[in-house]
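In: Predicted structure and sequence below. I'll ask about it afterward.
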Amino acid sequence: MNSLIKIRRDLHQIPELGFQEFKTQAYLLNYIQSLPQERLSIKKWKTGLFVKVHGVKPGKTIGYRTDIDGLPITEETGLPFSSTHEAKMHACGHDFHMSIALGLLTHFVQNPIADNLLFIFQPAEEGPGGAEPMLQSKEMQEWMPDMIFALHIAPEYPVGTVAIKEGLLFANTSELFIDLKGKGGHAALPHQTNDMVIAACALVNQLQTIVSRNVNPLDSAVITIGKITGGTVQNIIAENARLEGTIRTLTPESMKKVKHRIEAIVSGIETGFECVAKIDYGSMYYQVYNHEELTKEFMDFLKDDLEVQLIECKEAMTGEDFGYLLKEIPGFMFWLGVDTPYGLHHAKLNPNEDAIAAAVRIMTNYITFKGN
Ligand SMILES: CC(=O)N[C@@H](CCC[C@H](N)C(=O)O)C(=O)O
C-alpha cells in the first residue's frame, strides 16, 4: 500500500474534536521526526504544529495549511479502517488534508527548493476555530509566510479535478445557540405554563422568514437549525428548549443584518411566549476570499497540466477558518475532487484515495514553481 494511503487510514482511525487532537498531534510529530531533520524546525502550538522546511536560498516563505480535527459523527462506512473513537469521524476529509500535507512535506525535505516552506497543522477547524488564534500566536508571527495555500476535498467532483475561483470561495459563518426558558408544568394543565417546545417551534419557523423576507434575493444566506433539545418526559410541559444552528452569508455586512433580525425575532418570542431567551453566537469564521492574482496564476499554471480537470466554480456556503489566514496573507484555497456519493459531514463519506497522490503532485509542481 502507498505510504500516504497508510497514513490516511491510520489518521482516519483516530479522529479527535477541536483542541483535543492529542493522538493526531503525536502521530504527525512522530512521522515528521522520522524524516531527515537537517532542514526542519518544528514548533508545537496547543494541539497543532508549525513545521518549517528551510530553503537553500530563501527569498520568501510559502505557507501550506491543513486542518487536523474530526467531527462528532458515528461512522457508518463499514470500512476496515473505520474510526476507533466512538461517535467521532473524519467526515470532512481532514485525514486526506493531513496526508497530502505530509506528502508535500516529505517531498520538500528530500528535494529542497530555494524558498522556505511553512506547514501549518491547524486544530479545531470544525469549531471553535484554530486559525485565528494560531495567526495571532508568537510562533506564527515569528515565521509569518508571504503567501499561503490550502485545499478542501469535494465529494462531487472526479479525482483530478481542481475547482476554484478568484475572490469569494466560502461564506462568512457564525454558530447560533438560543436557549429558551419558560414555565414548565403538568401536560394536562397547559394554561398554567409557558411551553418552550411550542416557543421553539414558532422560533424555528420565524427564523426561516429572515432568508425569505429580509435578505435581498440577489444576495444569499442560510440559517440552519441542526439540533433542538427541550423538555424532560412526554407528560411534562417543557420549561427549557435549546436551538443549535449556524448562519452563513456572502458578506460580513449581511451577517450583521441577519443577526439583527434574529435578535428582533427572539425578542418577539420572549414577549409572545412570556419567556426568557439567551442568544450565543459561538464561533464565527471570516469568509474565504481567494487572492485574485495568485488564483489566476494558479489557474493558468494548471491549464498546461493534462491530468487536471480545472473547473471555475461558484462560491459555496461552507465555512472555513482558513479565511482568517487569507485575510492577512495572500493565497488561495481550492476544492479537490474525491468522487464519492455521500457529502461532507455524512457518516458514509468515503473519498477516493487516488485523490491524495493527485493533490501531492499538483501542489508539489506549483510550490516548486513558486519557490525557485
Ligand atoms: C468545510 C466545512 O464543512 N466547514 C465547516 C465549518 C464549521 C464552522 C462552524 N462550526 C459553524 O458551524 O458555523 C462548515 O460547517 O461549513
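Out: Structure received.
In: Measure how buried Glu293 is and give me the count.
Out: Glu293 sits with 11 neighbouring residues when counted by other C-beta atoms under 10 Å. From N, CA and C alone the C-beta is placed, and that goes for glycine too.
In: Excluding covalently adjacent residues, which one is nearest to it?
Out: In space, Glu293 comes closest to Pro330 once its chain neighbours are excluded; the distance is 7.7 Å by C-beta to C-beta, 6 or more residues apart in numbering.
In: what does the stretch 201-350 of the chain put close to the ligand?
Out: By the rule C-beta under 6 Å from any ligand atom, the part of the stretch 201-350 of the chain lying against the ligand is Thr246, Ser283, Tyr285, Thr318, Gly319, Glu320, Leu344.
In: Pairing partners for the strand or helix carrying the first one, with directions?
Out: Remark: Thr246 resides in strand 240-249, with elements defined by DSSP states H and E. When pairs are called by DSSP bridges, strand 240-249 turns out to pair with strand 172-181 (antiparallel), strand 221-230 (antiparallel).
In: mind giving me CSV with those strands and columns for mean pLDDT?
Out: Below are the strands paired with strand 240-249 laid out as CSV (pLDDT from 0 to 100):
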stretch, mean pLDDT
strand 172-181, 98
strand 221-230, 98
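In: what about stretch 9-26, start to end distance?
Out: One end of stretch 9-26 sits 16 Å from the other (C-alpha to C-alpha, to the nearest Å).
In: Packing partners of the helix or strand where Thr364 lies?
Out: Taking DSSP H and E as the criterion, Thr364 maps to helix 354-370. Counting contacts by 3 or more C-beta pairs under 8 Å, 6 or more residues apart in numbering; DSSP states H and E, helix 354-370 packs against helix 3-12, strand 61-67, helix 94-110, strand 147-154, helix 292-303, strand 331-337.
In: Flag the shaky bits of the protein, pLDDT-wise.
Out: Where the chain drops to pLDDT under 70, the residues are 1.
In: at 90 what do you get?
Out: Low-confidence segments of the chain, defined by pLDDT under 90: 1-2.
In: domains in it, as residue ranges please.
Out: 3-170+287-370, 174-284 (automatic domain parsing).
In: Now the stretch 1-150 of the chain against the ligand: closest residue?
Out: Residue nearest to the ligand within the stretch 1-150 of the chain (C-beta to the nearest ligand atom): Gly127, separated by 3.6 Å.
In: residues near that residue, how many?
Out: For Gly127, the neighbour count with other C-beta under 10 Å is 20.
In: Check whether it sits in a helix, strand or coil.
Out: Three-state call for Gly127 (DSSP: H, G, I helix; E, B strand; the rest coil): coil.
In: show me the contacts for it.
Out: If a contact means C-beta atoms under 8 Å, 6 or more residues apart in numbering, then Gly127 has Gly18, Glu175, Gly282, Ser283 as its contacts.
In: so who does Gly226 touch?
Out: So Gly226 contacts Glu244, Gly245, Thr246 (C-beta under 8 Å, 6+ apart).
In: if you set the cut-off to 6 Å instead, what comes out?
Out: Gly226 makes contact with Glu244, Gly245, according to C-beta atoms under 6 Å, 6 or more residues apart in numbering.
In: List the beta-bridge partners for Leu180.
Out: Ala241, Ala277.
In: ok, back up a step: mean neighbour count, the strands paired with strand 240-249: which tops it?
Out: Comparing the strands paired with strand 240-249 by mean neighbour count (mean count of other C-beta atoms under 10 Å), strand 172-181 ranks first with a mean of 21.
In: What parts of the stretch 51-200 of the chain come near the ligand?
Out: Where the stretch 51-200 of the chain comes near the ligand, counting by C-beta under 6 Å from any ligand atom, the residues are Cys92, Glu126, Gly127, His152, Thr173, Glu175.
In: go again using 5 Å as the cut-off
Out: Gly127, Thr173, Glu175 (C-beta under 5 Å from any ligand atom).
In: so what's the second one closest to, chain neighbours aside?
Out: To tie it back to what came earlier, the one meant is Thr173. In space, and not counting its chain neighbours, Thr173 is closest to Gly319: 3.2 Å by C-beta to C-beta, 6+ apart.
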